[in-house]
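Student: Okay, here's the prediction I keep looking at, along with the sequence it came from:
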Amino acid sequence: MSRIGKLPIAIPAGVEVTIDGQLVTVKGPKGEMAREVRPEVNVKVEDGQLVVTRDSDVAQIRAYHGLTRALLANMVTGVTTGFTRKLTIIGVGYRAAVQNNVLSLNVGKSHPVEMPAPEGVEVQCPTPTQIVVTGPDKEALGEYAAKIRAQRPPEPYKGKGIRYEDEYVIRKAGKTGAKK
């Protein structure tokens, strides 16, 4: 039995889960999300909990079992509390600004990079060197944050670039400059 898959998902108050065949819809205070689950995996609501089971013990179906449970747990968490990803910009002259949910990055390119946020994802800049991405969909939020970071990933010599707030960049020593 999958250690992740066999754990039931508690459905908090104010969250409504409907199952229509293979389509699972979760509705809560932060929005509504729907996902179609694999036919090898069964989803049921029992005693105020979401229970994920499987028919077979084949390795691939066991993997689907744990994956489906994790995706559904993220949906329930997303519609109740939501997810947040924070990024930090390091570098002289590097900055970010938001206008109408469109992120504008000045990160050493010849032009500012305009990045509109996807549906359901909200982006904010509390300071010109901080970016906060929030939303109920963990997958879309993570993908958007990764695209922001990809515009100028942190480099190992001076550490300049865009990095996640909790990311540690391993620094290299660089040239020694001394000749023998």
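Tutor: Now that the structure is in, tell me what you want to look at.
Student: where exactly do the helices run in the chain?
Tutor: 59-80, 138-150 (DSSP state H).
Student: Report the backbone C-alpha coordinates of the shortest one in CSV.
Tutor: This file holds the C-alpha atoms of helix 138-150, laid out as CSV (Å, rounded to 0.1, in the frame of the first residue of the first chain):
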residue,chain,number,x,y,z
LYS,A,138,0.1,25.0,-6.7
GLU,A,139,1.0,23.7,-10.2
ALA,A,140,0.3,27.0,-12.0
LEU,A,141,1.9,29.0,-9.3
GLY,A,142,5.1,27.0,-9.3
GLU,A,143,5.4,27.1,-13.1
TYR,A,144,5.0,30.9,-13.2
ALA,A,145,7.5,31.3,-10.4
ALA,A,146,10.0,29.1,-12.3
LYS,A,147,9.5,31.2,-15.5
ILE,A,148,10.2,34.3,-13.5
ARG,A,149,13.4,32.8,-12.0
ALA,A,150,14.4,31.5,-15.5
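Student: So which bits of that helix are buried?
Tutor: Lys138, Ala140, Leu141, Tyr144, Ala145, Ile148, Arg149 (16 or more other CB atoms under 10 Å). Using the backbone N, CA and C atoms, a C-beta is placed for each residue, glycine as well.
Student: need those in CSV with distance to Thr68, can you?
Tutor: Formatted as CSV, the buried residues of helix 138-150 follow (distance: CB to CB, whole Å):
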residue, distance to Thr68
Lys138, 15
Ala140, 18
Leu141, 20
Tyr144, 23
Ala145, 24
Ile148, 29
Arg149, 28
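Student: wait, doesn't Arg38 sit right on Thr68?
Tutor: Yes: contact between Arg38 and Thr68 holds when scored by CB atoms under 8 Å: they sit 6.6 Å apart.
Student: And these two? Which one has more around it.
Tutor: Shown here are Arg38 and Thr68; by other CB atoms under 10 Å, Thr68 has more neighbours (24 against 14).
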